[in-house]
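Novice: Kindly generate the corresponding structure for this input.
(chains A and B)
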Number of protein chains: 2
Amino acid sequence: MTDEPTRIDSLAARREQARRRHEEMKALKLSLDMSRGKPSPEQLDLSAGLMDILSRNDYKSAAGIDCRNYGIVDGLPEMKEIFAQMLGVSPSEVIVGGNSSLSMLHDSISGYMQRGVKNGVPWSRQGKVKFICPSPGYDRHFYMCEYLDIELVPIGMSVSGPDMDAACRLAQSDAMVKGMWCVPVFSNPTGCIYSEETVKRLAALSPKADDFRLYWDNAYCVHNFSGSRPQIPNILRECEKAGNPDMPLIFTSLSKVSFPGAAIAAFAASQANCAQMRESLSARIIGPDKLNQLRHVRFFKDFDGILRHMEKMAELIRPKFEAALSILESNLGGKGVAAWQNPKGGYFISLDTLDGCAKRTVELCREAGVILTEAGATFPYKKDPRDRNIRIAPTYPALEQLKQAMEVFCVACEMAALEKIADDWIGFGAEKADA
Amino acid sequence: MTDEPTRIDSLAARREQARRRHEEMKALKLSLDMSRGKPSPEQLDLSAGLMDILSRNDYKSAAGIDCRNYGIVDGLPEMKEIFAQMLGVSPSEVIVGGNSSLSMLHDSISGYMQRGVKNGVPWSRQGKVKFICPSPGYDRHFYMCEYLDIELVPIGMSVSGPDMDAACRLAQSDAMVKGMWCVPVFSNPTGCIYSEETVKRLAALSPKADDFRLYWDNAYCVHNFSGSRPQIPNILRECEKAGNPDMPLIFTSLSKVSFPGAAIAAFAASQANCAQMRESLSARIIGPDKLNQLRHVRFFKDFDGILRHMEKMAELIRPKFEAALSILESNLGGKGVAAWQNPKGGYFISLDTLDGCAKRTVELCREAGVILTEAGATFPYKKDPRDRNIRIAPTYPALEQLKQAMEVFCVACEMAALEKIADDWIGFGAEKADA
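Specialist: Sure thing, here's the model as predicted:
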């Protein structure tokens, strides 16, 4: 190891350079937020027409339902039709909700915990319930389970989806494994699309628990910003074919299509599951906000209207991902300090730092005024076992601010890596000296 | 009993007359619905201005919040202010929800069942949970408890509110009694207003369970249609004074103020209870529909705006109650076959038939095309022990239809009573013959 001093010198020099650049960036006193997958104001402006699309005499559905009044617990037929096309199911397999698919997910799980899957024993009375959590994944899915006293069991994610060997092993061997999180298209945060093989293996699962459910959160099914809309096998039909018709529960929403705070969510599943969902809804609401459903029906007209709208959306989102990815490539490419995916849709770039560098990178960003999602958030219990995954959300900041934020990120990421390497080398040197 | 044959003859004649009138009414082939407390289209028209009050550039709250986007889990400050005045609490004690106070009630109870009252053992792990149910009461409250596996314990209702001796006895003696339903103003269905003494005794309850909660559903607090707005002691302040600051949970909504399907619900309670509600909301939503909150803020402006609006509402509702009560009086008054309340607000007339005649009255109405709330619905498990209470909801039908429906109701009510009396007499006669 004759070049050891040289390597250390060069490392020290690179580290000092990164530190100086970080100081320069701190001096800029930026205040930028890339923490959440939040649409930008320009994206919301695409739906400006929703704001005043109803008039005082336009409150009736096609079938003459007065959308102002109580009732219609499972949503307007017109809105069911749109979601049915979006999810490739029949309108009778759809229940339309309020403004939050998260709350439909919660109510489904909470209902099974307290009442059980139809005619079954409540999950919570069977023991400690477990959910399979492909990781990195969506922090709100994980938190919801934690909140409901469900144990989170992480499994790996690859470019074709969850580690299916691990998923099968868990589901088949443990009757307390009652659910599995799936974000099949532009997965949060990796952006991967489940392969045909993955979907078919999921549909053919033989879970030990006969009240096991696949939570199929298809939040990004129309959110391709580069290339065409991904086609994956229809989970409802695949599960039917595999003899598991009641296993999948599909969720989606228009939250990132129209207004995140004021859009429409939907649930799709077998008739038996829809019946149970209707029963559960009847215990907690008299009806969803049908006027807001009518607003969306008037604005988009049909599913083609949504697809056309999403083409305009893609024009706003694509440049941001391109800029972010290009800055990552030019600053970190080939340096061996980070690896990331190039997503073609969704809301995130998932990046892995060197092991043990994610928390430090996020901290260095924060010191320079750039807020990222907390390191670890993409793993159950917020514990990234290798402390390496960072979720970057490029949509909300304006393009110029995004570029600044990504420059800061690259400096922080490299600086954290160099600190880590230096520490390891010093540790290595110290060990040698001791020997 | 020398006049027995005469009485039976006269009874038989009256019964035959009622039967003939009922046949005439059946021939009219009416189709009228008085089953639910549903506003009429004219009432909804009062809020027509809500439909298009926002414009494409009007989406920011006073503090500059973009109401279209994610966030603000506990609602817009402006909307909190309005509800705070409505409920006589401070804005910091208010959480603004979506379109359903029923769902806030459900989530509160369901949350305590699964997670417990802050730092406590989940209700569901302590044994069979019981709720005190003043009856007759609101059917959806009762069903929600049944759905969540809570035992319903009925107690009586008088013109001054729940039977407080019974309430105290139950709450003080049984640690599994965890809640009590209260609709303190224009109670559903009796229309009574809790007296000052009732409210103070409720506030001073010494429940055996330290995680006992008062579910204070103040749904009708601005729904006076005759006379001024009832003033009752503030339950939050009374409970503070009595050393029970965390006992009351207040719920209300604008469902019957603006649009039942598309209004705003609210929750008010101590800071500790608000904090737990916020935590629970964070597990199930990213935020409520803030655009709809903004719509209501723009339309009503402030609480005075709501009061002015409710004066117009009263003008539409009062004639219907007056007509219904006048028909009851002129057809059934003094006959000893029914007793009812004369409410000054709310949505219902609660009527007691002779014991054992409610189901038959509802059946006879249905035969003549008039749908009433199912008999028994106002009692836990839909079991009215004396089969006598009927809830009449006069707001939805147009005035002329309401009058027809009430005429049918009176005929049905009298006919059911005469059938019952005749059966009893025949039974009595038969017994005598046997003797």
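
Novice: Have a look at chain A and report its longest strand.
Specialist: Using DSSP state E to define each element, chain A has its longest strand at strand A:151-158.

Novice: Tell me the residues on the stretch 201-350 of chain A that lie near chain B, please.
Specialist: When proximity is defined by Cβ under 8 Å from any Cβ of the partner chain, the stretch 201-350 of chain A lies next to chain B at A:255, A:259-262, A:280, A:282-292. Every residue, glycine included, has its C-beta placed from N, CA and C.

Novice: Which among these count as buried?
Specialist: Among those, the ones that count as buried by 16 or more other Cβ atoms under 10 Å in any protein chain shown are A:255, A:259-262, A:280, A:282-292.

Novice: Okay, helices next: where are they in the stretch 201-350 of chain A?
Specialist: Along the stretch 201-350 of chain A, counting by DSSP state H, counting those that start in this stretch, helices occupy A:235-241, A:271-282, A:290-300, A:303-332.

Novice: Pick the most buried one from those helices.
Specialist: helix A:290-300 (a mean of 24; mean count of other Cβ atoms under 10 Å in any protein chain shown).

Novice: For that helix, enumerate the helices and strands it packs against.
Specialist: helix A:77-87, helix A:303-332 (3 or more Cβ pairs under 8 Å, 6 or more residues apart in numbering or on different chains; DSSP states H and E).

Novice: what residues does that helix touch?
Specialist: Helix A:290-300 has contacts (Cβ atoms under 8 Å, 6 or more residues apart in numbering or on different chains) with A:47, A:49-50, A:53-54, A:58-59, A:61, A:65, A:67-68, A:72, A:75-76, A:78-79, A:82, A:96, A:99, A:254, A:258, A:262-264, A:305-306, A:309, B:51, B:259, B:261-262, B:289, B:292.

Novice: quick one: buried residues of stretch A:205-223?
Specialist: A:205, A:207, A:209, A:211-223.

Novice: Show me which of those is closest to chain B.
Specialist: A:Ala219 (11.9 Å; Cβ to the nearest Cβ).

Novice: which residues touch the closest one?
Specialist: A:101, A:183, A:188, A:251-253, A:255-256.

Novice: could those residues go into CSV alongside distance to A:Val199 and pLDDT?
Specialist: Compiled in CSV, the contacts of A:Ala219 are given as follows (distance: Cβ to Cβ, whole Å; pLDDT from 0 to 100):
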residue, distance to A:Val199, pLDDT
A:Ser101, 20, 97
A:Val183, 13, 98
A:Asn188, 17, 96
A:Phe251, 16, 98
A:Thr252, 16, 98
A:Ser253, 21, 98
A:Ser255, 24, 97
A:Lys256, 23, 97
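
Novice: Among the residues you listed, which one has the most neighbours?
Specialist: Greatest neighbour count in the contacts of A:Ala219, by other Cβ atoms under 10 Å in any protein chain shown, goes to A:Val183: 28 neighbours.

Novice: wait, does stretch A:141-161 make contact with chain B?
Specialist: Yes - contact of stretch A:141-161 with chain B (Cβ under 8 Å from any Cβ) involves A:143-144, A:147-149.

Novice: Mind checking which of the residues you listed are in helices?
Specialist: Using DSSP state H, the subset of the residues of stretch A:141-161 next to chain B located in helices is A:143-144, A:147.

Novice: so which helix or strand takes in A:Leu364?
Specialist: helix A:358-367 (DSSP states H and E).

Novice: Show me what that helix is packed against.
Specialist: helix A:4-27, strand A:370-372, strand A:389-392, helix A:399-434.

Novice: what pLDDT, on average, does the last one get?
Specialist: Looking back up the chat, that one is helix A:399-434. Here helix A:399-434 scores 85 as its mean pLDDT.

Novice: for that helix, which positions count as buried?
Specialist: A:399, A:401-421.

Novice: Show me what it is packed up against.
Specialist: helix A:4-27, strand A:32-34, helix A:303-332, strand A:349-353, helix A:358-367, strand A:370-372, strand A:389-392.

Novice: now with 7 Å?
Specialist: Counting by 3 or more Cβ pairs under 7 Å, 6 or more residues apart in numbering or on different chains; DSSP states H and E, the packing neighbours recorded for helix A:399-434 are helix A:4-27, strand A:32-34, helix A:303-332, strand A:349-353, helix A:358-367, strand A:370-372.
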